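# Just the structure for this:
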Amino acid sequence: MIYEVSITVPRSHQEQFTDFLSKHLEQMVLLSAIKKALAFRLHEPHQGEKIGFVVHYEMESLNAYELYLRDDAAKMRAEGEKLFGAVWNVSRRALIPML
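Numbers count the residues shown, from 1 in each chain. As a prediction, this is how the structure comes out:
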């Protein structure tokens with residue numbers, strides 16, 4: 001399954017955010033629930049003052065995702081909230097394979 005996190009930040013914070021995200025991904029893949037992480041920058045020519053990112057965390061199962069939420073999510077989200085909470089928009093969702 002995929003745990004997807006979508007983020008938008010002001011362009012003025014892009015460099016700071018990408019530096020943070022790189023380090024954050026390194027920490028995330030050390031967790032037992034996360035098999036792999038891929039980060040993307042959205043290609044939206046008319047985004048204006050905001051820039052979007054999407055991260056896909058590959059997890060072994062829905063159970064692994066639920067364990068992540070229970071045991072690690074609050075800690076892993078805290079630094080991002082501290083650094084960007086006033087300026088970013090974040091949405092999260094779980095994508096379950098159909099086949």
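# the strands in this protein, which residues?
With strands called from DSSP state E, the chain shows them at 2-10, 34-41, 50-59, 89-95.
# I'd like those laid out as CSV, including mean pLDDT, mean neighbour count and distance to Ser22.
Where you see a C-beta, it was placed from the backbone N, CA and C, and this is true even at glycine. Rendered in CSV, the data for these read as follows (pLDDT from 0 to 100; neighbours: other Cβ atoms under 10 Å; distance: least, Cβ to Cβ, whole Å):
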stretch, mean pLDDT, mean neighbour count, distance to Ser22
strand 2-10, 97, 18, 14
strand 34-41, 97, 14, 8
strand 50-59, 97, 18, 11
strand 89-95, 97, 12, 17
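# For Tyr57, give its distance to Arg11.
Counting by Cβ to Cβ, to the nearest Å, the gap from Tyr57 to Arg11 is 25 Å.
# Sorry, wrong one. I was asking about Val54.
17 Å.
# same thing with Trp88?
Shown here: Trp88 relative to Arg11, a distance of 12 Å by Cβ to Cβ.
# Look at these two and report which has more neighbours.
Per other Cβ atoms under 10 Å, whichever of Trp88 and Arg11 has more neighbours is Trp88, with 17 against 12.
# Just give the closest residue to the more buried one, not the sequence neighbours.
Leaving out its chain neighbours, the residue that sits closest to Trp88 by Cβ to Cβ, 6 or more residues apart in numbering is Val9, at 4.9 Å.
# residues in contact with the one you found?
Neighbouring residues of Val9 by Cβ atoms under 8 Å, 6 or more residues apart in numbering: Phe17, Lys50, Ile51, Phe53, Phe84, Val87, Trp88.
# What is the burial count for the first one?
By that I understand Phe17. Neighbour tally, Phe17, other Cβ under 10 Å: 22.
# is it true that it touches Val90?
No. Between Phe17 and Val90 there is no contact under Cβ atoms under 8 Å: 11.3 Å.
# State which helix of this structure is the longest.
Counting by DSSP state H, the longest helix found in the chain is helix 14-28.
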